[in-house]
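1. please work out how this folds:
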Amino acid sequence: MARSRAALPLALALALLVGAAWQRAPAFAPGSPRAPASQVDARLAAAVSAGLLPLAVEQPAGAYDSVVAMLQSWLVGGTVLTIIIAAALVAATANPLSKRRAAVAAQVEGKR
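-> Residues are numbered from 1 along each chain as shown. Reported below is the predicted structural model:
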């Protein structure tokens, strides 16, 4: 008897899934006829050429005219990165909240 009661919810769920799939099936509607291929190709070619136009005008970003220019760019980038890291270290050590916490910790140690 327990076996038939356990199968009832499973059969009901299966029936609901089949019914939902059957209701969704006739909802398909074919798309409208396509435009002529020549018009689509012309618009696509125009869009692609407009998108690639900046690449034709500019040189690639990785092209250096000399080794000296490459080394100068590395030196400038390294200097800027060093300045940013130094500023972050100064900000971390000059944090007033950290100083206040250290002062409170010193007071607590003095009272013990």
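
2. can we go C-alpha only for contacts and neighbour counts from here?
-> Noted.

3. and Gly77, what element?
-> Assigned by DSSP states H and E, Gly77 falls within helix 67-93.

4. just give me how far that helix sits from the chain centre.
-> 27 Å (Cα atoms, centre = their mean, to the nearest Å).

5. please renumber so the chain begins at 572
-> Fine by me, first position is 572 from now on; the one you just mentioned is helix 638-664.

6. okay, the angle between the next helix or strand after it and helix 638-664?
-> Once the chain leaves helix 638-664, the next helix or strand it forms, by DSSP H and E, is helix 667-682. If you take axes from the mean of the first three to the mean of the last three Cα atoms, to 10 degrees, helix 667-682 sits at 40 degrees to helix 638-664.

7. pLDDT on helix 667-682, on average?
-> Regarding helix 667-682, the rounded mean pLDDT is 86.

8. how far out from the middle of the chain is that helix?
-> Distance of helix 667-682 from its chain centroid, counting by Cα atoms, centre = their mean, is 42 Å.

9. pull the helix or strand where Val619 lies out as CSV, backbone CA atoms only.
-> With secondary structure defined by DSSP H and E, Val619 is part of helix 608-628. Extracted in CSV, the C-alpha atoms of helix 608-628 (Å, rounded to 0.1, in the frame of the first residue of the first chain):
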residue,chain,number,x,y,z
ALA,A,608,21.5,38.9,-48.7
SER,A,609,23.1,41.8,-50.6
GLN,A,610,21.6,44.4,-48.2
VAL,A,611,22.6,42.5,-45.1
ASP,A,612,26.1,42.0,-46.4
ALA,A,613,26.6,45.7,-47.3
ARG,A,614,25.4,46.8,-43.8
LEU,A,615,27.6,44.3,-42.2
ALA,A,616,30.7,45.3,-44.2
ALA,A,617,30.0,49.0,-43.3
ALA,A,618,29.8,48.2,-39.6
VAL,A,619,32.9,46.1,-39.6
SER,A,620,34.9,48.7,-41.5
ALA,A,621,33.8,51.5,-39.2
GLY,A,622,34.7,49.4,-36.2
LEU,A,623,38.2,48.6,-37.5
LEU,A,624,38.9,52.1,-38.8
PRO,A,625,40.8,53.2,-35.7
LEU,A,626,43.2,50.2,-36.0
ALA,A,627,44.0,51.3,-39.6
VAL,A,628,44.8,54.9,-38.5
